[in-house]
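In: Pasting a predicted model and its sequence here:
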Amino acid sequence: MQKLDHYWMPYTDNPRFKAAPKMIVGAKDMYYRLADGSEVLDGLATLWCVNAGHCRPKIVEAIRKQAGELDFAASFSTGHPLAFAAAERVAALAPKGMDHVFFTNSGSEAVDTVMKMAVAYHRLRGEGARTRFIGREKAYHGVNIGGMSVSGVPVNRKAYGGILLGGTDHLRHTQDLGTRAFVRGCATTGVELADELEQRIVPLHDAGNIAAVIVEPVAGAGGVLVPPQGYLQRLRDICTKHGILLIFDEVICGFGRLGKPFASQYFGVTPDMITFAKGVTSGSVPLGGVIVKKEIYDTFMQSPGAGVQFFHGYTYSGHPLASAAAIATMDTYAEEDLFNRPNQLAQAFEDGIHSFKGAPHVIDCRNLGLIGAIELAPRPLNDGTGAVAAGARGFEVFEKCWAKGVFVRPVGDNVAFCPPLICEKQHLDRMFSTVAEVLGTVA
Ligand code: PXG
Ligand code: PLP
């Protein structure tokens, strides 16, 4: 029996895992392979990443080849062709006018990078007072200090209160179980929630002190919250009016999740900066980054004084293996027309998600493109105080589905669905029917 003591697992109940390990030893396309040879259907593209499916031949081959040819060359004052080629490919998919790409190794690094870029950009333009950031309740922007500070999932923040950035505020989230539960796609009500930016935030902080507003177009790890119709456009309009940068954190939405390369194109709203990660390599090698408008890049390049224009970068920014993986991943997306899969499967996916209306414990169903969630009422503790065991039902669904060979992710008491874009209707059917079976057994 392998020793499990030494690995401190991220975002995991370590003793619980180590007592009954869910150990994955291989993967192919839509499935994991476990040590006993059994298979588990991947209903969440692992961690919302593996959009092209697992171990796809072109991606595997590109990584193998690159490892033998150029294992590592840095991007600090030296370069290698693949990083430039990867940036060109990402820029080609990005919304029109967003054509410069800075690489990081993760989404968390992308978010802290975009925050530093935003502050430095304003400073270069003589607006050095613009240092505040506006995030949103229930947002997930990674775990580094900047991203955590603009995030809005309380459990991810509470232990670190003293080191959260001071200059932040949060818009309300857009969920309303009272009036907008069980809505298919974007709700027709709720656009006015964006007005909080202009009515409360701007007067309170003064526009001249605000660097940027950061939002996930569809919030992912906070429970899959779909924006009301017109909401993102209204945020865009208010930001433009007040000289505030708008950042879309597309770490989950990017690379085809909504049936377009980026959510920005799906919603027809162009931000100033986009963060991405995950799907850019279909999870095969860590990679993330920031895409910016030409005007932002040009402002840095035209900054006075010789030398480095942006004092920021990671040792592994633009790593050759990650660059090779990204190029092969984008080839795979294009060759298989995978960004169109959400459009082809949207109705089946939506019907599957909303078939849970009326199922035990289900208080909301939400979906857009190939991302969705059902929300369960938290389990009451029945101790006379009205307290609940938050997340217990969600976790039980995850464990029971795993035992039946289907992986879906609990985020609190939400059960999230985000299958690889290569999935077929039969995979959706299996995923939803397994969850339905399991829900009937959850106390
Ligand atoms: N922004 C968004 C919108 C994300 O979804 C990050 C930033 C951070 O990316 P990295 O690569 O640093 O993890 C994410 C990542 C979950 C879960 O609980 C979600 C994410 C990561 C890990 C777990 O479902 N999203
Ligand atoms: N800590 C030390 C001591 C380092 O030398 C470096 C990078 O040179 C870092 C942290 C940052 O590491 P990375 O560039 O991989 O983010």
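Out: Arrived safely, thanks for sending. Everything quoted here is computed from the prediction, not taken from an experiment. Ligands and ions are numbered 1, 2, ... in the order given.

In: ok, now which ones touch the residue of the stretch 251-400 of the chain found nearest ligand 1?
Out: Proximity to ligand 1, evaluated over the stretch 251-400 of the chain using CB to the nearest ligand atom, is greatest for Val251 at 3.5 Å. Where C-beta positions appear, they are placed from N, C-alpha and C, glycine not excepted. Val251 makes contact with Trp48, Gly107, Ala110, Val111, Gly142, Glu216, Gly220, Thr275, Phe276, Ala277, Lys278, Gly288, according to CB atoms under 8 Å, 6 or more residues apart in numbering.

In: from the residues you listed, which single one is nearest Val388?
Out: Taking CB to CB as the measure, Val388 sits nearest to Gly220 out of those, at 23.2 Å.

In: which residue packs closest to that closest one, ignoring adjacent ones?
Out: Nearest residue to Gly220, sequence neighbours excluded (CB to CB, 6 or more residues apart in numbering): Ile252, at 3.9 Å.

In: and the closest residue to Ala324 other than its chain neighbours, how many neighbours?
Out: Among residues not flanking Ala324 along the chain, Gln66 sits closest, at 3.7 Å (CB to CB, 6+ apart). The burial count assigned to Gln66 is 21, neighbours taken as other CB atoms under 10 Å.

In: thinking again about what came up before, over to the closest residue to the residue of the stretch 251-400 of the chain closest to ligand 1 other than its chain neighbours: give its phi and psi.
Out: Leaving aside its sequence neighbours, Val251 sits nearest to Gly107 (CB to CB, 6+ apart; 3.7 Å). Main-chain dihedrals, Gly107, degrees, to the nearest 10: phi -70, psi -40.

In: now swap in Phe103 and tell me
Out: As for Phe103, its main-chain torsions (degrees, to the nearest 10) stand at phi -100, psi 140.

In: Identify all contacting residues around stretch 356-367.
Out: In this structure, residues lying in contact with stretch 356-367 by CB under 8 Å, 6+ apart are 175, 177, 181-185, 223-226, 349-350, 353-354, 372-377, 393, 432, 435-436, 439-440, 442.

In: Mind checking which of those residues are buried?
Out: Neighbour counting with 16 or more other CB atoms under 10 Å marks 175, 181-183, 223-226, 349-350, 353-354, 372-376, 393, 432, 435-436, 439, 442 as buried within the contacts of stretch 356-367.

In: Restricted to helices, list these.
Out: Residues of the buried ones among the contacts of stretch 356-367 located in helices (DSSP state H): Phe349, Glu350, Ile353, His354, Arg393, Phe432, Val435, Ala436, Leu439.

In: Tell me which residue of the chain lies closest to ligand 1.
Out: For the chain and ligand 1, the shortest gap (CB to the nearest ligand atom) falls at Gly107, measuring 2.2 Å.

In: That residue contacts Thr275, correct?
Out: Yes - using CB atoms under 8 Å, Gly107 makes contact with Thr275 at a distance of 6.5 Å.

In: which residues are in contact with both of those two?
Out: Residues touching both Gly107 and Thr275 comprise Asp249, Val251, Gly288, with contact defined as CB under 8 Å, 6+ apart.

In: Out of those residues, list just those in helices.
Out: Judged by DSSP H, the subset of those located in helices is empty.

In: Which of these sits closest to ligand 2?
Out: Within the shared contacts of Gly107 and Thr275, distances to ligand 2 taken as CB to the nearest ligand atom reach their minimum at Gly288, with 12.1 Å.

In: In contact with the closest residue to Gly142 other than its chain neighbours, which residues?
Out: Excluding its sequence neighbours, the residue lying closest to Gly142 (CB to CB, 6+ apart) is Ser108, at 2.9 Å. Contact partners of Ser108, counting by CB under 8 Å, 6+ apart, are His141, Gly142, Val143, Asn144, Gly147, Gly288.

In: residues in contact with stretch 227-243?
Out: Contact with stretch 227-243 is made by 127, 130, 174, 180, 186-191, 193-195, 197-198, 202, 207-208, 210, 213, 215, 217-218, 244-246, 267-272, as judged by CB under 8 Å, 6+ apart.

In: Show me just the buried residues among these.
Out: 130, 174, 180, 186-187, 190-191, 193-194, 197-198, 202, 207, 210, 213, 215, 217-218, 244-246, 267, 269-272.

In: what residues does the protein put near ligand 2?
Out: For the chain, the residues in contact with ligand 2 (CB under 6 Å from any ligand atom) are Tyr314, Thr315, Tyr316.

In: Whichever of those residues end up buried, select them in PyMOL.
Out: Per 16+ other CB under 10 Å, the buried members of the residues of the chain next to ligand 2 correspond to this PyMOL selection:
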select buried, resi 314+316
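
In: Tabulate the residues of the chain next to ligand 2 (JSON lines), appending secondary structure and pLDDT.
Out: As requested, these are exported to JSON lines (DSSP: H, G, I helix; E, B strand; the rest coil; pLDDT from 0 to 100):
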{"residue": "Tyr314", "secondary structure": "coil", "pLDDT": "98"}
{"residue": "Thr315", "secondary structure": "coil", "pLDDT": "98"}
{"residue": "Tyr316", "secondary structure": "coil", "pLDDT": "98"}
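
In: got the residues of the chain next to ligand 2 as JSON lines, with distance to ligand 1 columns?
Out: Listed next are the residues of the chain next to ligand 2 as JSON lines, based on distance: CB to the nearest ligand atom, whole Å:
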{"residue": "Tyr314", "distance to ligand 1": "12"}
{"residue": "Thr315", "distance to ligand 1": "16"}
{"residue": "Tyr316", "distance to ligand 1": "13"}
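
In: and the stretch 51-200 of the chain, which residues reach ligand 1?
Out: If contacts are counted using CB under 6 Å from any ligand atom, the residues of the stretch 51-200 of the chain sitting beside ligand 1 are Ser106, Gly107, Ser108, Val111, Tyr140, His141, Gly142.

In: at 8 Å instead, please
Out: Among all residues of the stretch 51-200 of the chain, those adjacent to ligand 1 (criterion: CB under 8 Å from any ligand atom) are 106-111, 139-144, 147.

In: Same question for the stretch 301-443 of the chain.
Out: Of all the residues in the stretch 301-443 of the chain, those lying near ligand 1 are Arg409, Val411, Ala416, going by CB under 8 Å from any ligand atom.

In: Closest to Ala306 out of those?
Out: Distance to Ala306, by CB to CB, is smallest for Val411 among these, at 48.0 Å.

In: where's the closest residue to that closest one other than its chain neighbours relative to Gly289, distance?
Out: In this structure, Val411 finds its nearest non-sequential neighbour in Gly223, 5.4 Å apart by CB to CB, 6+ apart. Separation of Gly223 from Gly289 (CB to CB, to the nearest Å) stands at 26 Å.
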